[in-house]
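**Q** Dropping a prediction and its sequence here:
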Amino acid sequence: MIEKFNHATVVGAGTMGNGIAHVFAQSGYTVDLVDVSQNALDKAWATISANLDRQIKKETLKAEDKAGILGRIRTRTTISPFDPQTGIAIEAATENYELKLKIFRELDAAAPEGCILATNTSSISITQIAAATRRPAAVVGMHFMNPVPVMKLVEVIKGYETTDAVMEQILALSRDLGKEPVAVNDYPGFVANRILMPMINEAIYTLYEGVADRDAIDTVMKLGMAHPMGPLTLADFIGLDVCLAILRVLYEGFGNPKYAPCPLLVNMVAAGNLGRKSGKGFYEYK
Ligand code: NAD
């Protein structure tokens with residue numbers, strides 16, 4: 001374990017990866033942001049810049065600090081050559097089991113001894129990812145929430161082999177990033193998605209069975225439960241493909257039919273209606 005470091009690598013520059021790079025760079029870390037897609041890197045850069053502008057407008061960031069933050073983020077399309085100063089690598093690539101194993105094997109081979117390997121996975125077993133490496137004691141879940149620069153929670157997930165020392169270091173690091181970490185154990189869906197996804201799935205079933213229409217379902221949960229957004233709006237925001245993938249992990253992980261994804265969700269994903277990111281889900285987006 002590297003005690004003091006100020007260099008992080010983030011793998012995956014999509015919705016979550018750009019936010020993770022943003023908070024690390026804003027907290028003074030130098031960040032290597034890696035994505036196989038140059039287009040994703042260009043988009044990530046533009047998003048971080050726009051989000052920093054929003055912070056400046058809200059007076060939570062000084063305008064003169066923006067260039068320094070952006071200057072600490074270096075983008076590239078391959079994991080190697082890996083900077084030997086790196087104390088942590090956080091993987092935030094597409095939610096796919098085989099892909100994550102491949103990335104972790106590559107990170108394990110490239111990262112210096114003592115570098116912690118973290119994953120932002122929403123649902124894939126930390127223990128299984130760790131088992132693909134030669135350093136399972138230093139593999140941990142670091143589950144940020146979307147949008148990362150705004151949301152306070154980090155769910156820190158202890159894999160079967162993760163040491164207490166690594167957990168302590170990630171909890172401290174999360175606080176250093178201005179977040180509020182919560183430690184949980186590695187079971188399907190951890191805590192956040194084990195509770196959230198069945199609620200979203202039930203909202204989709206409620207629509208599918210014609211109990212109420214889209215707006216009625218969202219309004220009941222917003223006004224009745226004081227949720228900031230309804231479950232169908234939230235599902236669109238998260239991405240319907242991501243919701244489906246998490247429900248499948250819960251269904252297979254527990255072997256319990258109560259987690260079976262609603263057929264309407266399966267159909268919408270098959271049709272490419274993925275929510276906000278594809279322009280259409282339960283709602284339409286310009
Ligand atoms: P996304 O689709 O927006 O971005 C994924 C990125 O990974 C893409 O830019 C893609 O090009 C890149 N990628 C694919 N293969 C790669 C590889 N081999 N090396 C490097 N980059 C690669 O996905 P996202 O929503 O940012 O989700 C990323 C991770 O975060 C997933 O594990 C997801 O479950 C988790 N997560 C998502 C949310 C959410 O609300 N979207 C919340 C918490 C956690």
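**A** Nice, thanks for sending it over.

**Q** so who does whatever residue of the stretch 151-286 of the chain ends up closest to the ligand touch?
**A** Using C-beta to the nearest ligand atom, the single residue of the stretch 151-286 of the chain nearest to the ligand is residue 238, 4.4 Å away. Quick note: C-beta positions are derived from backbone N, CA and C, even for glycine. Each residue near residue 238 by C-beta atoms under 8 Å, 6 or more residues apart in numbering is listed here: 146, 200, 275.

**Q** try residue 93
**A** Contacts of residue 93 (C-beta under 8 Å, 6+ apart): 11, 12, 14, 17, 35, 99, 100, 103.

**Q** Put the buried members of those into a ChimeraX selection.
**A** A single ChimeraX command selects the buried members of the contacts of residue 93 (16 or more other C-beta atoms under 10 Å):
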select :11,12,14,17,35,100,103
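
**Q** From the contacts of residue 93, which land in strands?
**A** Mapping the contacts of residue 93 onto strands (DSSP state E) picks out residue 11.

**Q** which of the contacts of residue 93 lies closest to the ligand?
**A** residue 14 (1.8 Å).

**Q** circling back to that earlier point, mind putting the contacts of residue 93 into JSON lines with pLDDT and distance to the ligand?
**A** JSON lines is the format used below for the contacts of residue 93 (pLDDT from 0 to 100; distance: C-beta to the nearest ligand atom, whole Å):
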{"residue": "11", "pLDDT": "98", "distance to the ligand": "5"}
{"residue": "12", "pLDDT": "98", "distance to the ligand": "4"}
{"residue": "14", "pLDDT": "95", "distance to the ligand": "2"}
{"residue": "17", "pLDDT": "98", "distance to the ligand": "6"}
{"residue": "35", "pLDDT": "98", "distance to the ligand": "4"}
{"residue": "99", "pLDDT": "97", "distance to the ligand": "6"}
{"residue": "100", "pLDDT": "97", "distance to the ligand": "7"}
{"residue": "103", "pLDDT": "98", "distance to the ligand": "5"}
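
**Q** Buried among the contacts of residue 238? Need that as a selection in PyMOL.
**A** With 16+ other C-beta under 10 Å as the burial test, the buried ones among these are selected in PyMOL as follows:
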select buried, resi 200+275
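
**Q** near the ligand too, which of the contacts of residue 238?
**A** Under the cut-off given by C-beta under 6 Å from any ligand atom, the ligand has residue 146 from the contacts of residue 238 close to it.

**Q** a markdown table for the contacts of residue 238, including secondary structure and distance to residue 130?
**A** Shown next, in a markdown table, are these (DSSP: H, G, I helix; E, B strand; the rest coil; distance: C-beta to C-beta, whole Å):
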| residue | secondary structure | distance to residue 130 |
| --- | --- | --- |
| 146 | coil | 24 |
| 200 | helix | 28 |
| 275 | strand | 31 |
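
**Q** hey, where'd the helices end up in the stretch 1-150 of the chain?
**A** For the stretch 1-150 of the chain, the helices defined by DSSP state H, counting those that start in this stretch occupy 15-26, 38-57, 66-71, 97-110, 126-131.

**Q** For the fourth one, buried residues please.
**A** Judged by neighbour count (16+ other C-beta under 10 Å), helix 97-110 contains these buried residues: 100, 101, 103, 104, 106, 107, 108, 110.

**Q** same deal with the second one?
**A** Using 16+ other C-beta under 10 Å as the test for burial, helix 38-57 gives 40, 41, 44, 45, 47, 48, 51, 52, 55.

**Q** Let's test this: mean pLDDT of it, rounded?
**A** Computed over helix 38-57, the mean pLDDT rounds to 97.

**Q** for it, packing partners?
**A** helix 15-26, helix 66-71, strand 73-76 (3 or more C-beta pairs under 8 Å, 6 or more residues apart in numbering; DSSP states H and E).

**Q** Show me what the longest one is packed against.
**A** Identification of packing neighbours for helix 15-26 by 3+ C-beta pairs under 8 Å, 6+ apart yields strand 7-11, strand 30-34, helix 38-57, helix 66-71, strand 139-144.

**Q** can you rerun that using 7 Å?
**A** Under the contact criterion of 3 or more C-beta pairs under 7 Å, 6 or more residues apart in numbering; DSSP states H and E, helix 15-26 touches strand 7-11, strand 30-34, helix 38-57, strand 139-144.

**Q** Can you tell me which residues in this protein are near the ligand?
**A** Residues of the chain found near the ligand (C-beta under 6 Å from any ligand atom) are 11-17, 34-37, 40, 92-95, 99, 103, 120-122, 143, 146, 238-239, 242.
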